[in-house]
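Visitor: Sharing a model prediction with you, sequence too.
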Amino acid sequence: MPPIIRSTLSLLAAATTLLAVPAQAATVLITGTNRGIGLEFVRQYAEAGWTVIGTARNPAKATELQALAAKHANLSIETLDVADPALIEALAARLGGRPIDVLINNAGTLGDVPKQTIGALDQAEFEQVMAANTFGALKLSETLKPNLLAGQQKKVFAMTSGLGSSEMTANFGGFYAYRMSKAALNIGFRALAADWRGEGIMAGIIAPGMVETALLRASGFRGRGITTEESVTGMRKVIDTMTLESNGKALNYNGSPIPW
């Protein structure tokens, strides 16, 4: 057999071997997945074939999440309260150096609305909301930085809200602890994007829109929001298209910018 034919056949055989090896599934870690938006993130990523790590404060009581885990072998569940730094460190220890492509800081709390109203401000309530919504997301991202660096996509997201926009706040007040926690989250992740850009890690700020969830109902909103499916489908597109040039911007689920 002529050498050129042997060489061509060898290349074809090597290419066939490479094609036969399945590409490694990307890994996403999502916090606050026992219900609502977090649960929908888990469902969509699991069905898309990603390796999914979902966290909840009490996985034993997260019946819908457990049902998804029973259905999808690519989904695992971890215990985590983002307001507890010790539990963040424990999660990192369990994960070891496992690569994470996308980290979605979805966990958060609206808090007790009456206790964050002028005339009845409660310091303990304020600190709890800030711990869960702001410090927890930043601390988890810091702690899992080695995992992000080991991943291929290197993306971390903070879940913000239009209530954290100073421009939109001009329309109505209230929700002081929640609003301030989201405004602080925005500026924190914008700084994180600047700090980590040189290392190739993208930090994004994303809002789910007005979604039909228990949190929306607890806020006293009387209109009708979009479905969790619509919200998460849109946010996944924003996540997929984020680049090092576009990260650090606050975007809505439909890709539109959120005014500061």
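Guide: Here it is on my side, so go on. Numbering: from 1, shown residues only.
Visitor: C-alpha only now, for contacts and for neighbours.
Guide: Noted.
Visitor: mind listing what the residue lying closest to His72 once chain neighbours are set aside touches?
Guide: Spatial nearest neighbour of His72, chain neighbours left out: Ala46 (6.7 Å); criterion: Cα to Cα, 6 or more residues apart in numbering. Residues in contact with Ala46, defined by Cα atoms under 8 Å, 6 or more residues apart in numbering, are Val52, His72, Asn74, Leu75.
Visitor: Isn't Gly225 up against Met210?
Guide: Yes - the pair Gly225 and Met210 qualifies as a contact (Cα atoms under 8 Å) at a distance of 4.9 Å.
Visitor: So for these two, which sits in the more crowded spot?
Guide: Met210 (18 against 15; other Cα atoms under 10 Å).
Visitor: Let me know the distance separating the more buried one from Lys249.
Guide: Distance of Met210 to Lys249, computed by Cα to Cα, to the nearest Å: 19 Å.
Visitor: Then Leu140?
Guide: Going from Leu140 to Lys249 by Cα to Cα gives 20 Å.
Visitor: Could you do Met242 as well?
Guide: Distance, Met242 to Lys249, using Cα to Cα: 10 Å.
Visitor: shared neighbours of the two, which are they?
Guide: Contact criterion Cα under 8 Å, 6+ apart; residues shared by Met242 and Lys249: Gly204.
Visitor: Neighbour count: the two, which is higher?
Guide: Lys249 (21 against 18).
Visitor: The more buried one is in contact with Leu192, isn't it?
Guide: No - using Cα under 8 Å, Lys249 makes no contact with Leu192, being 11.4 Å away.
Visitor: Contacts only, for the closest residue to Ile37 other than its chain neighbours.
Guide: Using Cα to Cα, 6+ apart and skipping residues adjacent in sequence, the residue nearest Ile37 is Thr228, 5.6 Å away. Shown in contact with Thr228 (Cα under 8 Å, 6+ apart): Gly36, Ile37, Glu40, Val211, Glu212, Thr213.
Visitor: For burial, what's the neighbour tally of the residue lying closest to Gln153 once chain neighbours are set aside?
Guide: Ranked by Cα to Cα, 6+ apart and with sequence neighbours excluded, the top spatial neighbour of Gln153 is Asp101, at 4.8 Å. By the criterion of other Cα under 10 Å, Asp101 has 22 neighbours.
Visitor: Thanks again, I'm all set now.
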